[in-house]
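Undergrad: have a look at this fold, sequence not included:
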């Protein structure tokens with residue numbers, strides 16, 4: 001039986017990776033926040049390797065504290081391991097809503113988060129800023145797209161910015177150095193045959209190993225939250 005997992009299709013402007021890129025993780029498939037966490041983990045590792053701290057801000061739009069999310073355990077693991085390097089801010093309400101259901105509270109929370117984001121971008125405190133679910137926030141009309149694009153374009157050169165969420169506007173994709181689209185392909189017979197727990201990240205674009213790192217971090221975090229040891233094995237082919 002042929003199985004396919006989450007496909008990642010990427011458009012990038014540069015062949016060589018540069019410092020301070022703008023990443024946009026987009027698409028209807030799962031794995032966007034997971035890929036962002038993979039970038040965070042990799043960035044912390046690079047900072048440790050270089051003998052310098054890589055301070056991270058995880059700023060989450062539309063993810064109120066009333067609900068648990070898949071990445072919560074992974075973020076908890078990061079903050080436990082690197083408490084001096086990880087800051088997290090959650091804003092918005094936790095349930096899904098459409099454009100016709102937007103309230104004054106939603107607008108207020110979006111602007112509160114964006115005020116934090118702007119301060120962080122120009123603070124010179126952070127090496128990486130994750131703007132989780134910013135794309136659907138823009139799609140809902142809660143923030144002015146032109147202002148967001150202008151601020152991101154004027155960010156400090158050293159700063160890496162990661163934007164996640166489906167329905168990324170064209171203006172945001174246009175300024176991205178890396179745009180990865182997650183597409184989920186579920187095998188129709190998998191559930192019937194009792195096959196689960198297998199995820200395959202494939203595609204021509206970048207982000208596959210990064211997503212796998214994010215998944216590993218989720219497993220470690222779940223083990224910590226349950227007072228269990230979740231040991232992770234990473235086997236690498238063609239990476240001597």
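TA: Perfect, thanks for sending it. Fair warning: this is a prediction, and the values are worked out from it, not measured in the lab. Numbers count the residues shown, from 1 in each chain.
Undergrad: so residue 127 makes contact with residue 161?
TA: No - using Cβ atoms under 8 Å, residue 127 is not in contact with residue 161, being 10.6 Å away. No exception for glycine: its C-beta is placed from N, CA and C like everyone else's.
Undergrad: could you list the low-pLDDT ranges of the chain?
TA: Residues of the chain meeting the criterion pLDDT under 70: 1-19, 205, 224-225.
Undergrad: how does it look with 50?
TA: Confidence mapping of the chain against pLDDT under 50 gives the ranges 1-10, 12, 14-18.
Undergrad: which residues in it form strands?
TA: Along the chain, counting by DSSP state E, strands occupy 6-12, 22-26, 56-60, 86-90, 128-132, 160-164, 178-184, 201-202.
Undergrad: CSV for these, including mean neighbour count?
TA: What follows is the strands of the chain, written out as CSV (neighbours: other Cβ atoms under 10 Å):
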stretch, mean neighbour count
strand 6-12, 18
strand 22-26, 26
strand 56-60, 24
strand 86-90, 18
strand 128-132, 26
strand 160-164, 26
strand 178-184, 21
strand 201-202, 16
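Undergrad: and the closest residue to residue 21 other than its chain neighbours, how many residues sit next to it?
TA: In space, and not counting its chain neighbours, residue 21 is closest to residue 177: 3.9 Å by Cβ to Cβ, 6 or more residues apart in numbering. The burial count assigned to residue 177 is 17, neighbours taken as other Cβ atoms under 10 Å.
Undergrad: repeat that for residue 61.
TA: 29.
Undergrad: and it, how far is that from residue 29?
TA: Using Cβ to Cβ, to the nearest Å, we find residue 61 at a distance of 19 Å from residue 29.
Undergrad: returning to what we had before: could I get the strands of the chain in TSV, plus columns for distance to residue 69?
TA: TSV is the format used below for these (distance: least, Cβ to Cβ, whole Å):
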stretch	distance to residue 69
strand 6-12	17
strand 22-26	15
strand 56-60	8
strand 86-90	9
strand 128-132	9
strand 160-164	12
strand 178-184	16
strand 201-202	20
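Undergrad: so which of these comes closest to residue 238?
TA: Closest of the strands of the chain to residue 238 is strand 201-202, at 14.9 Å (criterion: Cβ to Cβ).
Undergrad: tell me what the closest one is packed against?
TA: With contacts taken as 3 or more Cβ pairs under 8 Å, 6 or more residues apart in numbering; DSSP states H and E, strand 201-202 sits against strand 6-12, helix 208-225.
Undergrad: quick one: distance of that strand to the chain centre.
TA: Strand 201-202 has its C-alpha centroid displaced from the chain centroid by 17 Å (Cα atoms, centre = their mean, to the nearest Å).
Undergrad: and for stretch 192-205?
TA: Centroid displacement of stretch 192-205 relative to its chain, using Cα atoms, centre = their mean, is 20 Å.
Undergrad: what does stretch 144-161 give?
TA: Here stretch 144-161 is found 17 Å from its chain centre; the criterion is Cα atoms, centre = their mean.
Undergrad: which positions within it qualify as buried?
TA: Residues of stretch 144-161 classed as buried: 148-149, 152, 159-161 (neighbour count, 16 or more other Cβ atoms under 10 Å).
Undergrad: again, but for stretch 104-113
TA: In stretch 104-113, counting by 16+ other Cβ under 10 Å, buried: 106, 109-110, 113.
Undergrad: make JSON lines out of those and add distance to residue 139.
TA: Output for these, formatted as JSON lines (distance: Cβ to Cβ, whole Å):
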{"residue": "106", "distance to residue 139": "13"}
{"residue": "109", "distance to residue 139": "16"}
{"residue": "110", "distance to residue 139": "12"}
{"residue": "113", "distance to residue 139": "15"}
